[in-house]
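Visitor: A structural model of the following input is requested.
(chains A and B)
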Amino acid sequence: MIIAIIALVISFFLESITSCFFPNSLNMISYFTTIYTIITLVVLYPYFDNNKKYYMLLVIFGILFDIIYTNTFLLNIVLFFIVSLFVRFINYHLATNLLNINIISIIAIIIYHLFSYFILEVIGYLQYPFMLFINIISHSLIMTIIYTTILYLILKKVYMHVNIKTIR
Amino acid sequence: MLKYKKKKLALRYVILAILISIILFLVIFSYTLKTDRKLNKVESLIKDVIVFSQKIVYVPFNYLSDKVSDFSKLKDVEKENDILNTSLDRMSSIEAENVELRRQIEKLKEELNIDYVLTDYEYLNATVVSRNIGYWYNTITLDKGSYSGVEVDMVVINAKGLIGKVISTTTFTSEVRLITTNDSNNKISVLVSDGNNKVYGLLNKYDYDTNTLKIEGISNTLQVNIGDMVYTSGMGGVFPSGILIGKVNAITTDEYDLAKIINVTPSADFNDINFVSILKRKSDEK
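Guide: The predicted structure is shown next:
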């Protein structure tokens, strides 16, 4: 559990650190941006035997994301939860390996942005063209793959080293 | 049969519950997003603590980044020094000119009955601690908050021009919405000027395809040229007059051929915002 929390905290801080080096303003999105917290939640999912603990972490980091980064209320908890449902469903059908984790990460990022775009459009908060959504997804791909791969390999090694197969 | 009916009934309730929760969530999101919800004390405290720890984590990254930046600038130092020396010679005359201009502004303010001009604002410098995470909200977080006197609706600029306005504050941080946001509740009154001619309009939206701001509401009979500068007009009360927004780069007309649609290239580079200034009214401190 501690390893999972450390990984999530590092990823959470990475969001703001990388945002100062790789621009992610909507008029020019860098190819090296993604949402690190979601990727970490995806990579960590197979290690959790205890779903309660997983969802507890998901809610905590959803609240933090809401307060610190997006200045919203409940929105990211709901989005993280929707993403986790898809992750759970896909994980049930796919074996855990590097390729599959990368696929799930990409799908998770797409779902997060798709639902963000959909919710913001429905409530009429801000108006964005659909192409912007495509643009964000296409620009997130490289970093999503890089970060998922690095994190998957590190976590695999760490969990093997401490001889933990699943978090109960 | 009874079991099947019970299952069907249960499914109906599940669907109903899901629909009600979706509607409820959408109402909550709509309320909190549209009213730019104020953070409560616990949320403010959490945000302050995490942003403070982020600033500590940044230190080695910033140090590294500064060193790389310094090294890349090294070759231009001599050239820049010559330019600065020339400017230094002109300093005394510029200072004298400033005194005279300040006197003229005060006189004009009295004559025109204007409350605030740009010189009535104090510049509070702040550092950007995070930029537009989650993409869709188009905000940046600054390391100055209500403790430094920052308030909601204060204007944020950098050396190149207008950046946005403060939408929320905690004790030690503030959130700024960039002007590149398509916020229908947040139109800015602007002034297009070529030096002599002045035309007033409304900054309506940001076009993500052309990366330009759009000004609408200018009559087709009025003269606007490509290359004209766009400033805030000061009308509306939020943005003081005279802040540079950008330069006109294209002019088209609306579908009825009655009004001009002006594309403006922002003067500020929104991908390179590290340090900004928050405009505080000098009289607010009294």
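
Visitor: from here on, contacts and neighbour counts on C-alpha atoms
Guide: Will do.

Visitor: The residue most central in space within chain B: which element?
Guide: Computing the C-alpha centroid of chain B and ranking residues by Cα atoms, centre = their mean puts residue B:164 first, at 0.9 Å. Residue B:164 belongs to strand B:161-169 when elements are defined using DSSP states H and E.

Visitor: One more: residue A:144?
Guide: Going by DSSP H and E, residue A:144 is in helix A:130-161.

Visitor: Ok, residue B:20 next?
Guide: helix B:2-34.

Visitor: returning to that earlier point: mind listing what the strand holding residue B:164 pairs with, with the direction of each?
Guide: strand B:155-158 (antiparallel), strand B:174-178 (antiparallel) (DSSP bridges).

Visitor: Could I get the contacting residues of residue B:139?
Guide: A:70, B:131, B:132, B:133, B:175, B:176, B:177, B:178 (Cα atoms under 8 Å, 6 or more residues apart in numbering or on different chains).

Visitor: Run a quick neighbour tally on the fourth one.
Guide: Read that as residue B:133. Residue B:133 has 24 neighbours, counted by other Cα atoms under 10 Å in any protein chain shown.

Visitor: got the residues of the stretch 151-286 of chain B near chain A?
Guide: Residues of the stretch 151-286 of chain B found near chain A (Cα under 8 Å from any Cα of the partner chain) are B:180, B:181, B:182, B:183, B:184, B:208, B:211, B:270, B:271, B:272, B:274.

Visitor: Looking at the fifth one now. What's its pLDDT?
Guide: Put plainly, it is residue B:184. Per-residue pLDDT puts residue B:184 at 64.

Visitor: Hmm, residue A:111 is touching residue A:81, no?
Guide: No - contact criterion Cα atoms under 8 Å: residue A:111 and residue A:81 do not qualify, at 11.0 Å.

Visitor: Below-threshold pLDDT in chain A: ranges please.
Guide: A:24, A:26-27, A:126, A:165-168 (pLDDT under 70).

Visitor: hey, where'd the strands end up in the chain?
Guide: I went with chain A, as the question did not name one. Ranges of strands in chain A, per DSSP state E, are A:24-25, A:28-29.

Visitor: my question was about chain B
Guide: B:121-131, B:139-142, B:155-158, B:161-169, B:174-178, B:188-193, B:198-207, B:212-219, B:229-232, B:244-253, B:259-266, B:275-281.

Visitor: what's the distance between residue B:218 and chain A?
Guide: Residue B:218 sits at a distance of 23 Å from chain A (criterion: Cα to the nearest Cα, to the nearest Å).

Visitor: ok, now which ones touch residue 123?
Guide: I went with chain A, as the question did not name one. With Cα under 8 Å, 6+ apart, residue A:123 has these contacts: B:26, B:27, B:29, B:30.

Visitor: try chain B instead
Guide: B:277, B:278, B:279, B:280.

Visitor: where's the dip in pLDDT among these?
Guide: residue B:280 (81).

Visitor: ok and the residue in the stretch 51-200 of chain B nearest chain A?
Guide: Here the stretch 51-200 of chain B gets closest to chain A at one residue, residue B:130, 4.8 Å apart by Cα to the nearest Cα.
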